[in-house]
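Trainee: Return a 3D structure for these sequence lines:
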Amino acid sequence: MVEGSDTGYYCPGCSEETAHQVVARGRKLMARCLSCGVTHHVEEPAEPRPVLVRTIVSEEDVSRVCLVELEPGEVCRVGDSFVAECGQDFVGVEVTAIEKGARRVKRARGEEVSTLWTRKVEEVIVRISVHDGRTTTPVLVKLPGDEPLVVGEVYTFGRRRIRISRIKERKGGILWREGQKIEARRIKRVFSYPR
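Mentor: Predicted coordinates:
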């Protein structure tokens, strides 16, 4: 099944970068060169390295120091929801204050934030990468922390309909077999394509 076209992949048949058509998805993309017709595996574009931000998580009268992962250039605002990594636990939090250097601000880019002040909440933001064969589009979706997502299933988020191809866990593993599932609060990123 043809997923779409792309440019800039190196073709071993042409010995140069040429336009390609994505013909299959799996752990790697399978693409066909539009110049010579050679079909081969190609690498998906690398994602930018995340920024780890020191985060204070308050739950009633107890606070602890955790980490929140933000994308470079991602704007964080008071009221945003994230998943904080607190040792072995992953907790849904809402931002109550942002420290940028020595002052408090209402919003800042991830690399500018020195500390996030948060409170524990039940909903989390799940980061979804939607790859259409040409570009990868980042999507943020708010879900209950205990809601499971399943590899191979089709989901509708707003106007966007996607099929999950794999899920990266916060602890480092990757789920890629159809039917494997994991709770939203334990997800680092979902990889998908449009349906």
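
Trainee: Buried residues in the longest strand along the chain, which are they?
Mentor: Determined from DSSP state E, the single longest strand within the chain is strand 89-100. Buried residues in strand 89-100, counted by 16 or more other CB atoms under 10 Å: 90-93, 95, 98-100. For glycine as for every other residue, the C-beta is placed from the backbone atoms N, C-alpha and C.

Trainee: Likewise for stretch 130-143?
Mentor: If you call a residue buried by 16+ other CB under 10 Å, then stretch 130-143 has these buried ones: 130-131, 133, 141, 143.

Trainee: so which of those comes closest to residue 28?
Mentor: The closest of these to residue 28 turns out to be residue 131 (CB to CB; 12.0 Å).

Trainee: beta partners for that closest one?
Mentor: Here residue 131 shows beta-bridge partners residue 136, assigned using DSSP bridges.

Trainee: Is it correct that it is in contact with residue 44?
Mentor: Yes - with contacts defined as CB atoms under 8 Å, residue 131 counts as touching residue 44 at a distance of 6.3 Å.

Trainee: Parallel or antiparallel, list what pairs with the strand or helix carrying residue 57.
Mentor: Using DSSP states H and E, residue 57 sits in strand 51-59. Strand 51-59 pairs in its sheet with strand 62-70 (antiparallel), strand 115-120 (parallel), by DSSP bridges.

Trainee: what's in contact with the longest strand of the chain?
Mentor: Contacts with strand 89-100, where a contact means CB atoms under 8 Å, 6 or more residues apart in numbering, come from 55, 57-59, 66, 68, 76-84, 104-108, 112-124, 145, 170, 185-186.

Trainee: got any ranges where the chain has weak pLDDT?
Mentor: For the chain, the stretches flagged by pLDDT under 70 are 1-8, 45-47.

Trainee: try 50 this time
Mentor: Residues of the chain meeting the criterion pLDDT under 50: 1-5.

Trainee: For residue 21, grab the count of nearby residues.
Mentor: 17 (other CB atoms under 10 Å).

Trainee: Now do the buried residues in the helix or strand encompassing it.
Mentor: Applying DSSP H and E as the criterion places residue 21 in strand 16-24. If you call a residue buried by 16+ other CB under 10 Å, then strand 16-24 has these buried ones: 18, 20-22.
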